[in-house]
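Asks: give the three-dimensional model of this entry:
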Amino acid sequence: MKLVRKSIDAKDAAGFVTLIADEQEDMWHAYNLILPGDSLKSTTIRRVVSETATGSTDKTSVRLTLTIQVETVEFDTQACILCVNGRNIEENKWVKMGGYHTLDLEMHKPFTITKDSWDLIALDRIQQACDIAARADIAAILLEEGLATLCLVTANMTLVRGRIEVNVPRKRKGSSGHEKGMKRFFEHCFQAILKNVDFDIVKVLIIASPGFYKDQLFDYMKQAATQTENKQFLQFLPKLLLIHCSSGQKHALGEALADPGVQSRLEDTKFAVEVRTLAKFFEVLAKDPDRAFYGFRHVSMAAEKGGVATLLLSDDLFRANDVGTRRKYIALVEHVKSLGGTVMIFSSLHTSGEQLKNLTGVAAILNFPLQDLEDEAEAAEEEEKRQTMAAAAVTAGADILDALPAGGNKYRT
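Replies: Predicted structure coming up:
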(Lines give C-alpha, C1' and ligand atoms only; values in the text may rest on other atoms or scores of the structure.)
Protein backbone atom coordinates (compact mmCIF):
# COMPACT_ATOMS: atom_id res chain seq x y z
CA MET A 1 0.00 0.00 0.00
CA LYS A 2 1.22 3.48 -0.83
CA LEU A 3 0.33 6.48 1.32
CA VAL A 4 -0.12 9.38 -1.12
CA ARG A 5 -1.38 12.03 1.28
CA LYS A 6 -2.46 12.27 4.90
CA SER A 7 -4.19 15.19 6.60
CA ILE A 8 -5.55 14.47 10.09
CA ASP A 9 -6.25 17.16 12.70
CA ALA A 10 -4.22 16.69 15.86
CA LYS A 11 -7.09 17.84 18.12
CA ASP A 12 -10.18 15.92 16.99
CA ALA A 13 -8.49 13.36 14.66
CA ALA A 14 -10.78 14.38 11.77
CA GLY A 15 -9.33 14.30 8.27
CA PHE A 16 -8.49 12.16 5.27
CA VAL A 17 -5.89 9.82 3.82
CA THR A 18 -5.25 9.02 0.16
CA LEU A 19 -3.95 5.53 -0.56
CA ILE A 20 -3.06 3.34 -3.54
CA ALA A 21 -3.47 -0.44 -3.39
CA ASP A 22 -0.39 -2.11 -4.90
CA GLU A 23 -1.38 -5.74 -4.27
CA GLN A 24 -4.43 -7.82 -3.44
CA GLU A 25 -3.79 -7.87 0.30
CA ASP A 26 -4.13 -4.07 0.31
CA MET A 27 -7.83 -4.51 -0.47
CA TRP A 28 -8.16 -6.35 2.85
CA HIS A 29 -6.55 -3.40 4.62
CA ALA A 30 -8.95 -1.02 2.84
CA TYR A 31 -11.88 -3.21 3.92
CA ASN A 32 -10.79 -2.80 7.53
CA LEU A 33 -10.38 0.97 7.15
CA ILE A 34 -13.62 1.91 5.36
CA LEU A 35 -16.65 1.95 7.64
CA PRO A 36 -20.29 3.06 7.28
CA GLY A 37 -20.48 6.83 7.79
CA ASP A 38 -17.09 7.53 6.21
CA SER A 39 -16.82 9.27 2.86
CA LEU A 40 -14.91 7.60 0.03
CA LYS A 41 -13.60 9.29 -3.11
CA SER A 42 -12.39 7.27 -6.08
CA THR A 43 -12.59 6.92 -9.84
CA THR A 44 -15.36 4.69 -11.15
CA ILE A 45 -17.20 3.61 -14.28
CA ARG A 46 -20.83 4.73 -14.63
CA ARG A 47 -23.23 3.83 -17.40
CA VAL A 48 -25.05 7.00 -18.51
CA VAL A 49 -27.92 7.61 -20.90
CA SER A 50 -27.78 10.67 -23.15
CA GLU A 51 -30.23 11.99 -25.74
CA THR A 52 -29.01 12.65 -29.29
CA ALA A 53 -30.11 15.51 -31.56
CA THR A 54 -32.64 13.21 -33.24
CA GLY A 55 -34.28 12.35 -29.92
CA SER A 56 -32.90 8.83 -29.61
CA THR A 57 -31.03 7.69 -26.53
CA ASP A 58 -27.43 6.56 -26.36
CA LYS A 59 -25.91 4.47 -23.54
CA THR A 60 -22.22 4.96 -22.84
CA SER A 61 -19.76 4.14 -20.05
CA VAL A 62 -18.07 7.14 -18.49
CA ARG A 63 -15.07 7.17 -16.13
CA LEU A 64 -15.56 9.76 -13.43
CA THR A 65 -14.47 10.67 -9.92
CA LEU A 66 -17.16 10.24 -7.30
CA THR A 67 -17.41 10.84 -3.54
CA ILE A 68 -19.96 8.78 -1.62
CA GLN A 69 -21.17 8.56 1.96
CA VAL A 70 -20.47 4.92 2.80
CA GLU A 71 -23.43 2.71 3.73
CA THR A 72 -22.20 -0.85 3.08
CA VAL A 73 -18.80 -2.46 2.46
CA GLU A 74 -18.44 -5.93 0.94
CA PHE A 75 -15.23 -7.90 0.45
CA ASP A 76 -14.71 -11.09 -1.56
CA THR A 77 -11.93 -12.88 0.33
CA GLN A 78 -10.93 -15.17 -2.53
CA ALA A 79 -11.05 -12.71 -5.44
CA CYS A 80 -9.91 -9.80 -3.19
CA ILE A 81 -12.58 -7.50 -4.65
CA LEU A 82 -13.86 -4.61 -2.53
CA CYS A 83 -17.25 -3.04 -3.26
CA VAL A 84 -18.42 0.06 -1.38
CA ASN A 85 -21.99 1.30 -1.72
CA GLY A 86 -23.36 4.69 -0.72
CA ARG A 87 -24.92 8.00 -1.75
CA ASN A 88 -23.18 10.66 -3.82
CA ILE A 89 -22.33 13.71 -1.65
CA GLU A 90 -20.57 15.98 -4.16
CA GLU A 91 -21.92 17.76 -7.23
CA ASN A 92 -21.31 15.70 -10.36
CA LYS A 93 -22.36 16.01 -13.99
CA TRP A 94 -23.38 12.36 -14.25
CA VAL A 95 -24.70 11.43 -10.79
CA LYS A 96 -27.25 13.52 -8.91
CA MET A 97 -26.75 14.43 -5.25
CA GLY A 98 -28.01 11.61 -3.05
CA GLY A 99 -27.92 9.11 -5.90
CA TYR A 100 -26.71 5.61 -5.06
CA HIS A 101 -23.52 4.22 -6.57
CA THR A 102 -21.19 1.31 -5.86
CA LEU A 103 -17.47 2.01 -6.00
CA ASP A 104 -15.33 -1.01 -6.95
CA LEU A 105 -11.87 -0.07 -5.71
CA GLU A 106 -9.17 -0.78 -8.28
CA MET A 107 -5.54 -1.73 -7.95
CA HIS A 108 -3.04 1.08 -8.64
CA LYS A 109 -5.81 3.75 -8.54
CA PRO A 110 -5.85 6.31 -5.69
CA PHE A 111 -8.77 6.47 -3.27
CA THR A 112 -9.43 8.88 -0.41
CA ILE A 113 -11.05 7.99 2.92
CA THR A 114 -12.41 10.81 5.09
CA LYS A 115 -13.48 10.25 8.70
CA ASP A 116 -14.89 12.48 11.43
CA SER A 117 -12.40 10.83 13.76
CA TRP A 118 -9.51 8.45 13.00
CA ASP A 119 -8.95 6.03 15.88
CA LEU A 120 -5.59 4.46 16.77
CA ILE A 121 -6.62 1.06 15.35
CA ALA A 122 -7.17 2.58 11.89
CA LEU A 123 -3.95 4.59 12.05
CA ASP A 124 -1.97 1.49 13.07
CA ARG A 125 -3.58 -0.39 10.16
CA ILE A 126 -2.34 2.26 7.68
CA GLN A 127 1.18 2.09 9.10
CA GLN A 128 1.14 -1.70 8.89
CA ALA A 129 -0.23 -1.71 5.33
CA CYS A 130 2.48 0.67 4.11
CA ASP A 131 5.35 -1.26 5.75
CA ILE A 132 6.99 -3.22 2.93
CA ALA A 133 9.27 -5.05 5.37
CA ALA A 134 6.23 -6.61 7.06
CA ARG A 135 5.45 -8.71 4.00
CA ALA A 136 6.40 -12.36 4.34
CA ASP A 137 4.40 -14.63 2.07
CA ILE A 138 4.52 -18.38 2.55
CA ALA A 139 2.82 -21.14 0.62
CA ALA A 140 1.54 -24.39 2.07
CA ILE A 141 0.16 -27.53 0.53
CA LEU A 142 -1.70 -29.80 2.95
CA LEU A 143 -2.31 -33.32 1.69
CA GLU A 144 -3.62 -36.75 2.44
CA GLU A 145 -4.30 -39.60 0.03
CA GLY A 146 -6.13 -38.14 -2.99
CA LEU A 147 -6.87 -34.76 -1.36
CA ALA A 148 -4.76 -31.61 -1.13
CA THR A 149 -5.35 -27.93 -0.29
CA LEU A 150 -2.95 -25.26 -1.55
CA CYS A 151 -2.85 -22.06 0.53
CA LEU A 152 -1.04 -18.75 0.26
CA VAL A 153 -0.42 -17.08 3.62
CA THR A 154 0.39 -13.37 3.77
CA ALA A 155 0.79 -11.14 6.81
CA ASN A 156 -2.97 -10.68 7.09
CA MET A 157 -4.70 -13.25 4.90
CA THR A 158 -4.92 -16.95 4.17
CA LEU A 159 -6.07 -17.59 0.61
CA VAL A 160 -7.01 -21.03 -0.72
CA ARG A 161 -5.44 -21.13 -4.18
CA GLY A 162 -6.34 -24.69 -5.10
CA ARG A 163 -8.12 -27.82 -3.96
CA ILE A 164 -6.92 -31.02 -5.59
CA GLU A 165 -9.05 -34.16 -5.50
CA VAL A 166 -7.99 -37.33 -7.34
CA ASN A 167 -9.63 -40.73 -7.06
CA VAL A 168 -6.86 -43.11 -6.00
CA PRO A 169 -7.67 -46.85 -6.26
CA ARG A 170 -7.00 -49.02 -3.24
CA LYS A 171 -3.86 -51.12 -3.08
CA ARG A 172 -4.43 -54.55 -4.61
CA LYS A 173 -1.98 -57.34 -5.08
CA GLY A 174 -0.84 -57.54 -8.68
CA SER A 175 -2.41 -54.18 -9.62
CA SER A 176 -0.58 -50.93 -10.30
CA GLY A 177 -3.76 -48.80 -10.08
CA HIS A 178 -2.91 -47.34 -6.68
CA GLU A 179 0.62 -46.36 -7.71
CA LYS A 180 -0.61 -44.74 -10.93
CA GLY A 181 -3.35 -42.90 -9.05
CA MET A 182 -0.87 -41.48 -6.54
CA LYS A 183 1.47 -40.42 -9.35
CA ARG A 184 -1.42 -38.62 -11.05
CA PHE A 185 -2.33 -36.99 -7.73
CA PHE A 186 1.23 -35.77 -7.12
CA GLU A 187 1.40 -34.38 -10.66
CA HIS A 188 -1.77 -32.34 -10.07
CA CYS A 189 -0.28 -31.03 -6.80
CA PHE A 190 2.97 -30.08 -8.52
CA GLN A 191 1.21 -28.26 -11.36
CA ALA A 192 -0.95 -26.34 -8.87
CA ILE A 193 2.19 -25.20 -7.05
CA LEU A 194 3.91 -24.13 -10.28
CA LYS A 195 0.81 -22.20 -11.35
CA ASN A 196 0.03 -20.40 -8.07
CA VAL A 197 3.29 -19.91 -6.17
CA ASP A 198 5.57 -16.96 -6.98
CA PHE A 199 9.00 -18.37 -6.13
CA ASP A 200 10.55 -14.88 -6.18
CA ILE A 201 8.34 -13.70 -3.29
CA VAL A 202 7.50 -16.76 -1.19
CA LYS A 203 9.94 -17.32 1.66
CA VAL A 204 9.03 -20.92 2.39
CA LEU A 205 6.82 -23.66 0.94
CA ILE A 206 5.35 -25.98 3.56
CA ILE A 207 4.47 -29.52 2.53
CA ALA A 208 2.37 -30.99 5.34
CA SER A 209 0.59 -34.30 5.69
CA PRO A 210 -0.05 -37.29 7.93
CA GLY A 211 2.23 -40.25 7.27
CA PHE A 212 4.73 -40.16 4.40
CA TYR A 213 2.67 -38.36 1.74
CA LYS A 214 4.73 -35.19 2.21
CA ASP A 215 7.98 -37.08 1.60
CA GLN A 216 6.55 -38.80 -1.46
CA LEU A 217 5.34 -35.51 -2.94
CA PHE A 218 8.73 -33.91 -2.29
CA ASP A 219 10.54 -36.78 -4.03
CA TYR A 220 8.11 -36.66 -6.96
CA MET A 221 8.50 -32.88 -7.48
CA LYS A 222 12.28 -33.03 -7.19
CA GLN A 223 12.46 -35.80 -9.78
CA ALA A 224 9.97 -34.08 -12.11
CA ALA A 225 11.81 -30.74 -11.88
CA THR A 226 15.11 -32.49 -12.65
CA GLN A 227 13.67 -34.29 -15.67
CA THR A 228 12.12 -31.09 -17.07
CA GLU A 229 15.16 -28.97 -16.13
CA ASN A 230 13.02 -26.56 -14.11
CA LYS A 231 15.92 -24.57 -12.69
CA GLN A 232 13.73 -22.09 -10.81
CA PHE A 233 12.04 -24.83 -8.79
CA LEU A 234 15.31 -26.72 -8.21
CA GLN A 235 16.85 -23.52 -6.80
CA PHE A 236 13.79 -23.15 -4.56
CA LEU A 237 14.15 -26.65 -3.03
CA PRO A 238 16.06 -25.43 0.10
CA LYS A 239 12.96 -23.37 0.99
CA LEU A 240 10.72 -26.44 1.13
CA LEU A 241 9.78 -27.51 4.62
CA LEU A 242 8.23 -30.94 5.37
CA ILE A 243 5.86 -30.85 8.35
CA HIS A 244 3.45 -33.30 9.96
CA CYS A 245 -0.25 -32.41 10.09
CA SER A 246 -3.48 -34.35 10.61
CA SER A 247 -5.18 -33.94 7.21
CA GLY A 248 -5.28 -32.28 3.80
CA GLN A 249 -8.01 -29.84 4.85
CA LYS A 250 -7.46 -26.11 5.38
CA HIS A 251 -7.99 -26.34 9.15
CA ALA A 252 -4.74 -28.34 9.43
CA LEU A 253 -2.80 -25.24 8.35
CA GLY A 254 -2.78 -24.02 11.96
CA GLU A 255 -0.93 -27.19 13.01
CA ALA A 256 1.67 -26.66 10.29
CA LEU A 257 2.24 -22.99 11.11
CA ALA A 258 2.68 -23.81 14.80
CA ASP A 259 5.53 -26.22 14.03
CA PRO A 260 8.84 -25.01 15.56
CA GLY A 261 10.57 -25.42 12.19
CA VAL A 262 8.18 -22.98 10.56
CA GLN A 263 8.29 -20.60 13.50
CA SER A 264 12.10 -20.42 13.40
CA ARG A 265 12.01 -19.48 9.69
CA LEU A 266 9.37 -16.80 10.20
CA GLU A 267 9.82 -15.80 13.82
CA ASP A 268 9.37 -12.04 13.28
CA THR A 269 6.40 -12.11 10.91
CA LYS A 270 2.95 -11.02 12.08
CA PHE A 271 1.15 -14.31 11.55
CA ALA A 272 3.95 -16.32 13.19
CA VAL A 273 3.71 -14.09 16.27
CA GLU A 274 -0.08 -14.55 16.24
CA VAL A 275 0.28 -18.34 16.21
CA ARG A 276 2.80 -18.30 19.07
CA THR A 277 0.74 -15.89 21.17
CA LEU A 278 -2.47 -17.88 20.81
CA ALA A 279 -0.60 -21.09 21.65
CA LYS A 280 0.75 -19.40 24.79
CA PHE A 281 -2.77 -18.29 25.74
CA PHE A 282 -4.10 -21.86 25.53
CA GLU A 283 -1.09 -23.13 27.49
CA VAL A 284 -1.66 -20.62 30.30
CA LEU A 285 -5.41 -21.33 30.25
CA ALA A 286 -4.69 -25.03 30.79
CA LYS A 287 -1.91 -24.71 33.39
CA ASP A 288 -2.79 -21.50 35.25
CA PRO A 289 -6.43 -20.62 34.45
CA ASP A 290 -6.48 -17.61 36.81
CA ARG A 291 -4.02 -15.89 34.45
CA ALA A 292 -5.95 -16.37 31.18
CA PHE A 293 -9.47 -15.14 30.40
CA TYR A 294 -11.64 -14.55 27.36
CA GLY A 295 -14.85 -12.62 26.72
CA PHE A 296 -15.24 -8.86 26.96
CA ARG A 297 -16.60 -8.75 30.51
CA HIS A 298 -13.80 -10.85 32.02
CA VAL A 299 -11.03 -9.18 30.01
CA SER A 300 -12.24 -5.62 30.66
CA MET A 301 -12.50 -6.32 34.41
CA ALA A 302 -8.95 -7.72 34.36
CA ALA A 303 -7.81 -4.60 32.50
CA GLU A 304 -9.43 -2.36 35.14
CA LYS A 305 -7.32 -4.14 37.75
CA GLY A 306 -4.18 -3.51 35.67
CA GLY A 307 -3.61 -7.20 35.15
CA VAL A 308 -3.48 -7.56 31.34
CA ALA A 309 -0.03 -8.40 30.00
CA THR A 310 -1.15 -9.32 26.47
CA LEU A 311 -4.50 -8.44 24.92
CA LEU A 312 -5.66 -10.56 21.97
CA LEU A 313 -8.37 -9.11 19.72
CA SER A 314 -9.96 -10.15 16.43
CA ASP A 315 -10.02 -7.44 13.74
CA ASP A 316 -13.71 -8.38 13.24
CA LEU A 317 -14.53 -6.42 16.40
CA PHE A 318 -13.43 -3.14 14.81
CA ARG A 319 -15.72 -3.62 11.78
CA ALA A 320 -18.89 -3.72 13.90
CA ASN A 321 -21.67 -1.57 12.44
CA ASP A 322 -22.52 -0.31 15.92
CA VAL A 323 -20.29 2.67 16.75
CA GLY A 324 -20.65 2.03 20.49
CA THR A 325 -19.28 -1.51 20.09
CA ARG A 326 -16.24 -0.28 18.16
CA ARG A 327 -15.58 2.46 20.71
CA LYS A 328 -15.62 0.11 23.71
CA TYR A 329 -12.97 -2.10 22.14
CA ILE A 330 -10.87 0.91 21.13
CA ALA A 331 -11.14 2.17 24.73
CA LEU A 332 -10.00 -1.24 25.97
CA VAL A 333 -6.98 -1.14 23.65
CA GLU A 334 -6.04 2.38 24.77
CA HIS A 335 -6.38 1.45 28.45
CA VAL A 336 -4.21 -1.67 28.17
CA LYS A 337 -1.55 0.22 26.21
CA SER A 338 -1.54 3.07 28.74
CA LEU A 339 -0.63 0.54 31.45
CA GLY A 340 2.21 -0.93 29.40
CA GLY A 341 0.38 -4.00 28.11
CA THR A 342 0.88 -5.52 24.67
CA VAL A 343 -2.02 -5.45 22.20
CA MET A 344 -2.28 -7.86 19.27
CA ILE A 345 -4.92 -7.53 16.55
CA PHE A 346 -5.47 -10.95 14.93
CA SER A 347 -6.52 -11.25 11.30
CA SER A 348 -9.84 -13.08 10.98
CA LEU A 349 -8.55 -14.49 7.69
CA HIS A 350 -5.86 -16.55 9.45
CA THR A 351 -6.52 -19.84 11.21
CA SER A 352 -5.31 -18.31 14.50
CA GLY A 353 -7.78 -15.46 14.02
CA GLU A 354 -10.59 -17.94 13.37
CA GLN A 355 -9.73 -19.75 16.62
CA LEU A 356 -9.75 -16.47 18.55
CA LYS A 357 -13.08 -15.52 16.98
CA ASN A 358 -14.52 -18.76 18.37
CA LEU A 359 -13.46 -17.50 21.83
CA THR A 360 -15.63 -14.35 21.43
CA GLY A 361 -12.80 -12.52 19.63
CA VAL A 362 -11.20 -11.12 22.79
CA ALA A 363 -8.83 -12.79 25.24
CA ALA A 364 -6.01 -11.86 27.60
CA ILE A 365 -2.93 -13.28 29.27
CA LEU A 366 -2.47 -11.68 32.70
CA ASN A 367 0.59 -10.50 34.57
CA PHE A 368 -0.68 -12.06 37.77
CA PRO A 369 -3.51 -14.44 38.75
CA LEU A 370 -6.95 -13.03 39.55
CA GLN A 371 -8.59 -15.84 41.52
CA ASP A 372 -11.88 -14.02 42.21
CA LEU A 373 -12.40 -12.62 38.72
CA GLU A 374 -14.74 -15.41 37.59
CA ASP A 375 -17.03 -14.87 40.61
CA GLU A 376 -16.93 -11.09 40.17
CA ALA A 377 -17.81 -11.39 36.49
CA GLU A 378 -20.75 -13.69 37.26
CA ALA A 379 -21.99 -11.29 39.96
CA ALA A 380 -21.73 -8.34 37.56
CA GLU A 381 -23.65 -10.29 34.91
CA GLU A 382 -26.42 -11.16 37.38
CA GLU A 383 -26.66 -7.54 38.50
CA GLU A 384 -26.90 -6.39 34.89
CA LYS A 385 -29.70 -8.90 34.24
CA ARG A 386 -31.54 -7.72 37.38
CA GLN A 387 -31.31 -4.08 36.30
CA THR A 388 -32.48 -4.94 32.80
CA MET A 389 -35.49 -6.83 34.14
CA ALA A 390 -36.33 -4.00 36.53
CA ALA A 391 -36.14 -1.44 33.74
CA ALA A 392 -38.34 -3.63 31.54
CA ALA A 393 -40.93 -3.94 34.34
CA VAL A 394 -41.02 -0.16 34.83
CA THR A 395 -41.49 0.36 31.09
CA ALA A 396 -44.25 -2.25 30.93
CA GLY A 397 -46.06 -0.63 33.90
CA ALA A 398 -45.88 2.79 32.29
CA ASP A 399 -47.29 1.38 29.04
CA ILE A 400 -50.27 -0.15 30.91
CA LEU A 401 -51.04 3.13 32.66
CA ASP A 402 -50.82 5.05 29.39
CA ALA A 403 -53.27 2.61 27.81
CA LEU A 404 -55.97 3.21 30.49
CA PRO A 405 -58.64 5.95 29.91
CA ALA A 406 -57.58 9.11 31.72
CA GLY A 407 -61.01 9.75 33.30
CA GLY A 408 -61.65 6.21 34.50
CA ASN A 409 -58.45 5.47 36.40
CA LYS A 410 -58.73 6.53 40.03
CA TYR A 411 -55.04 5.71 40.55
CA ARG A 412 -53.83 8.21 37.98
CA THR A 413 -52.78 11.61 39.27
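
Asks: what part of the protein, helix or strand, is modelled with the least confidence?
Replies: helix 373-403 (a mean of 74; mean pLDDT, DSSP states H and E).

Asks: any weak-confidence spans in the stretch 151-300 of the chain?
Replies: Within the stretch 151-300 of the chain, the ranges that satisfy pLDDT under 70 run 268.

Asks: can you give me the strands for it?
Replies: 158-165, 204-209, 240-244, 292-294 (DSSP state E, counting those that start in this stretch).

Asks: partners of the third one, with directions?
Replies: Spelled out, that is strand 240-244. strand 204-209 (parallel) (DSSP bridges).

Asks: what's the answer for the longest one, then?
Replies: Strand 158-165 has its sheet partners listed here by DSSP bridges as strand 147-153 (antiparallel).

Asks: buried residues in the strand it pairs with?
Replies: 147-153 (16 or more other Cβ atoms under 10 Å). No exception for glycine: its C-beta is placed from N, CA and C like everyone else's.

Asks: ok, these vs V262, which is closest?
Replies: V153 (10.1 Å; Cβ to Cβ).

Asks: roughly how far apart are the residue lying closest to that closest one once chain neighbours are set aside and Q191?
Replies: Leaving out its chain neighbours, the residue that sits closest to V153 by Cβ to Cβ, 6 or more residues apart in numbering is I138, at 4.9 Å. Counting by Cβ to Cβ, to the nearest Å, the gap from I138 to Q191 is 20 Å.

Asks: got it, and G254?
Replies: G254 is 26 Å from Q191, by Cβ to Cβ.

Asks: on that earlier part again, who's more crowded, I138 and Q191?
Replies: Each of I138 and Q191 has its neighbours counted (other Cβ atoms under 10 Å); I138 has more, 25 against 13.

Asks: quick one, what contacts the residue lying closest to C189 once chain neighbours are set aside?
Replies: Leaving aside its sequence neighbours, C189 sits nearest to A148 (Cβ to Cβ, 6+ apart; 5.1 Å). Contact analysis of A148 by Cβ atoms under 8 Å, 6 or more residues apart in numbering lists 141-142, 162-164, 185, 188-189, 192, 248.

Asks: among those residues, which are located in helices?
Replies: 185, 188-189, 192 (DSSP state H).

Asks: and these as CSV, adding distance to F199 and neighbour count?
Replies: Listed next are the ones in helices among the contacts of A148 as CSV, based on distance: Cβ to Cβ, whole Å; neighbours: other Cβ atoms under 10 Å:
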residue, distance to F199, neighbour count
F185, 22, 24
H188, 19, 16
C189, 16, 23
A192, 14, 18
